[in-house]
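Enquirer: Attaching a predicted model along with its sequence, questions to come.
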Amino acid sequence: MNILVLGASQGLGLALAEQLSQDHEICGVARSKSEASFFNHELIFDFTKAKVSELLEQIQDFKPDIIVYSAGGGPYGRYSDKEFKDHLWAYKLNFLFPAELIHSLGVQKYQGSIYCVGSQIAEDFDPLGPSYSASKAALKKLVYNLNDDIFWKQKLFMYSPGYMNTDLLPKNSQVRIDPKVSIACPVDVAKDFKQWVLSSDTQKPYFRNYPS
Ligand SMILES: NC(=O)c1ccc[n+]([C@@H]2O[C@H](COP(=O)([O-])OP(=O)(O)OC[C@H]3O[C@@H](n4cnc5c(N)ncnc54)[C@H](OP(=O)(O)O)[C@@H]3O)[C@@H](O)[C@H]2O)c1
């Protein structure tokens, strides 16, 4: 199969791309290239600046059977201590871009499936990442609602991990020093995610948490 991983240059996206590359063709997209040898193609693209139509044009020859949207991020700290443009960046990256991508692919009657990466903790409550949390919750709600849409049933999914040891988790985050909090290795998460993505279960729930 051809698998497109959006947000593939590092962290979970990179680990997942490596796992999937064992049996599939992988095209990775991010603001930078990882230069990892397991990619069949790597494209540079900024989801907060470029248009969905430009991405779809660039990948039209690749024809992905599966698309994973793993890009994510947002400002860390009190809401009003940050400029609104920083929150807007988070809204675009975590919600507006994937929301438009899903819409455009629906218009094109895309026959493959899409997996969005959420955040088990932030979707629920994240006072120091309010715009990140709000946009992850909005994406989860969109995926949930489309689960009832005949076109998207069994084609649109959400995978929500807990904390992972990647650059996205701030170095000064309290959870990094809290012994009660477990922080997963992205490779372990990627192995679980891969198994779920490739599962032949035609009745699988639209949503999966890690740890489940
Ligand atoms: N780490 C955690 O604790 C945690 C917990 C729960 C959920 N998550 C979610 O898991 C997913 C992966 O996160 P991660 O921890 O692996 O983060 P990460 O290590 O920071 O990787 C994020 C990836 O997204 C890409 N990206 C970020 N902004 C982009 C933009 N504007 N345009 C294009 N690509 C962009 C990055 O590429 P560049 O580096 O090239 O910009 C990178 O490849 C995210 O959706 C995140 O919200 C993370």
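Expert: Looks like it arrived, so ask away.
Enquirer: List the contacts of Phe193.
Expert: By C-beta atoms under 8 Å, 6 or more residues apart in numbering, the residues touching Phe193 are Leu12, Leu16, Gln19, Tyr115, Tyr159, Pro161, Tyr210. (C-beta placed from N, C-alpha, C; glycine too.)
Enquirer: for the ligand, what are the nearby residues on the protein?
Expert: Near the ligand, the residues belonging to the chain are 7-13, 30-32, 45-48, 70-73, 93, 117, 119, 161, 163-164, 166-169 when assessed by C-beta under 6 Å from any ligand atom.
Enquirer: list the contacts for the residue positioned nearest the centre of the chain?
Expert: In the chain, the C-alpha nearest the mean C-alpha coordinate belongs to Ser70, at 2.2 Å (C-alpha atoms, centre = their mean). Remark: with contacts taken as C-beta under 8 Å, 6+ apart, Ser70 is in contact with Val5, Leu6, Gly7, Ala8, Gly11, Leu12, Gly13, Leu16, Val117.
Enquirer: Check the first one and give its pLDDT.
Expert: With respect to pLDDT, Val5 has a value of 98.
Enquirer: what comes into contact with the helix or strand that contains it?
Expert: In this structure, Val5 sits in strand 2-6 according to DSSP states H and E. Residues from elsewhere that reach strand 2-6 (C-beta under 8 Å, 6+ apart): 13, 16-17, 20, 24-30, 47, 59, 62-71.
Enquirer: What strands line up against it, and which way round?
Expert: Strands that pair with strand 2-6, judged by DSSP bridges, come out as strand 25-30 (parallel), strand 66-69 (parallel).
Enquirer: can you dump the C-alpha coordinates of the helix ranked longest in the chain into CSV?
Expert: With residue count as the measure and DSSP state H as the assignment, the chain has helix 130-146 as its longest helix. This file holds the C-alpha atoms of helix 130-146, laid out as CSV (Å, rounded to 0.1, in the frame of the first residue of the first chain):
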residue,chain,number,x,y,z
PRO,A,130,-5.4,25.9,26.0
SER,A,131,-5.4,26.4,22.2
TYR,A,132,-3.7,23.1,21.6
SER,A,133,-6.3,21.4,23.8
ALA,A,134,-9.2,23.2,22.2
SER,A,135,-8.1,22.3,18.6
LYS,A,136,-7.4,18.7,19.5
ALA,A,137,-10.9,18.5,21.1
ALA,A,138,-12.4,20.1,18.0
LEU,A,139,-10.7,17.6,15.7
LYS,A,140,-11.9,14.7,17.8
LYS,A,141,-15.5,16.0,17.7
LEU,A,142,-15.3,16.3,13.9
VAL,A,143,-14.1,12.8,13.5
TYR,A,144,-16.7,11.6,16.0
ASN,A,145,-19.5,13.3,14.1
LEU,A,146,-18.3,12.1,10.7
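Enquirer: contacting residues around whichever helix or strand comes after it?
Expert: Where DSSP H and E defines the elements, the next helix or strand beyond helix 130-146 is strand 156-161. Contact partners of strand 156-161, identified using C-beta under 8 Å, 6+ apart, comprise 12, 102, 113-120, 123, 139-140, 143-144, 146-147, 184, 189, 193, 196, 204, 206-210.
Enquirer: Would you mind listing which of those residues are buried?
Expert: With neighbours counted using 16 or more other C-beta atoms under 10 Å, these contain these buried positions: 12, 102, 113-120, 123, 139-140, 143, 146-147, 184, 189, 193, 196, 206, 208, 210.
Enquirer: If anything else comes up later, I'll come back, but that's it for now.
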